[in-house]
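> I'd like to go over a predicted model; first the sequence, then the structure.
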Amino acid sequence: MLHPPAPAPARVFSSAERRALYDVIAARRDVRDEFLPDPIAPDRLRRILEAGHAAPSVGHMQPWNFILIRDPAQKHRIASAFAAANDEAAEMFPEERQSTYRSLKLEGIRKAPLNIAVTCDRTRGGKVVLGRTHNRDMDLYSTVCAVQNMWLAARAEGIGMGWVSIFRPDDLRAILGLPDHVEIVAYLCLGHVSELFDRPELAARGWRQTLPLDSLIMTDRWEPAGA
Ligand SMILES: Cc1cc2c(cc1C)N(C[C@H](O)[C@H](O)[C@H](O)COP(=O)(O)O)c1[nH]c(=O)[nH]c(=O)c1N2
């Protein structure tokens, strides 16, 4: 007779191991401009992708794919799509912020030796997926979990990663040749880094400051501001 599989004892991490995890979380940065041209060694890239693939996903759907982009011509098309969208984006901010916005470097598409498009196949796992029955976007959220795992793994490997989202989605879909049932979730730039900011670059450059954690914690239900 077959017995259902039982869980194994949970591994306990030492304080040094815990510290290492929190250090990586704190030292992770969004990288735009600090990329070096050196290629990423295949074993490092593999570990970063494995970290992504180890992410939680709704119903264990694993809806992600990882499109590895190194071709300069393809990067050029994507950088042009970014430039078009970025011009439109600049216009959307109040006039007094537009020059600051234009001074920010917001992508490393050509400078980073590797770009990765992380996609979500919305049909994977069939029509009904455990946990997604009433919340259709859980597959997209799952894919974001994969991206965050990659971001942390990359930092631990000494690889910088930046997320670029300033695109008209249809431009990027066409360039990547995505079928209708596949969404682009993240466009990532990866490479070794020379330097890193010790806090978010947007905060360091005065665009937007980091909010204090205690101002964000609520108890039992939504607390209206000033209550
Ligand atoms: C979904 C999503 C999308 C984007 C980003 C992040 C995320 C989560 N970020 C990076 C973002 O600006 C950055 O994470 C914050 O400023 C905080 O900085 P650190 O990530 O802590 O360095 C980002 N940065 C950028 O320069 N261009 C971009 O298009 C985007 N898009």
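Arrived safely.
> Pull the residues that contact stretch 55-63.
53, 64, 120-122, 124-125, 129-132, 138-139, 141-143, 145-146, 148-149 (Cβ atoms under 8 Å, 6 or more residues apart in numbering). C-beta: built from backbone N, CA, C; applies to glycine.
> again, 10 Å this time
By Cβ atoms under 10 Å, 6 or more residues apart in numbering, the residues outside stretch 55-63 that reach it are 53, 64, 119-126, 128-133, 135-150, 182-183, 185.
> Point me to the helix or strand that includes the residue found closest to Ser165 once you drop the neighbours it is linked to in the chain.
Taking Cβ to Cβ, 6 or more residues apart in numbering, and ignoring the residues beside it in sequence, Ser165 has Tyr187 as its nearest neighbour in space, at 6.9 Å. In this assignment (DSSP states H and E), Tyr187 forms part of strand 182-192.
> How far does that strand sit from its chain's centre?
The gap between the average C-alpha position of strand 182-192 and the chain average comes to 7 Å, counting by Cα atoms, centre = their mean, to the nearest Å.
> what's the answer for stretch 65-76, then?
How far stretch 65-76 lies from its chain's middle: 16 Å, per Cα atoms, centre = their mean.
> Kindly report the same for stretch 151-161.
Here the centre of mass of C-alpha atoms in stretch 151-161, compared against the chain's by Cα atoms, centre = their mean, lies 11 Å away.
> Next one: that stretch, is it in contact with the ligand?
No. For stretch 151-161 and the ligand, the contact criterion (Cβ under 6 Å from any ligand atom) is not met; the two come no nearer than 8.0 Å.
> What residue, apart from its backbone neighbours, is nearest the residue nearest the centre of the chain spatially?
Using Cα atoms, centre = their mean, the residue of the chain that lies closest to the mean C-alpha position is Val147, 4.1 Å off. Leaving aside its sequence neighbours, Val147 sits nearest to Ala186 (Cβ to Cβ, 6+ apart; 4.7 Å).
> Return the set of buried residues in the lengthiest helix in the chain.
Residue-count comparison of every helix in the chain, with assignments taken from DSSP state H, identifies helix 72-92 as the longest. Along helix 72-92, the positions that meet the burial threshold by neighbour count (16 or more other Cβ atoms under 10 Å) are 75, 77-79, 81-82, 85-86, 89-90.
> Can you say which two of those residues are spatially most distant?
Farthest-apart pair in those is Lys75 and Ala90; separation 21.9 Å (Cβ to Cβ).
> tell me which parts of this structure are close to the ligand?
Within the chain, the positions near the ligand by Cβ under 6 Å from any ligand atom are 29-30, 32, 106-107, 163-166, 200-202.
> picking up where we left off before, verify the stated contact: the residue nearest to Ser165 with Ile67.
Yes. Taking Cβ atoms under 10 Å as the definition, Tyr187 is a contact partner of Ile67 at 9.4 Å.
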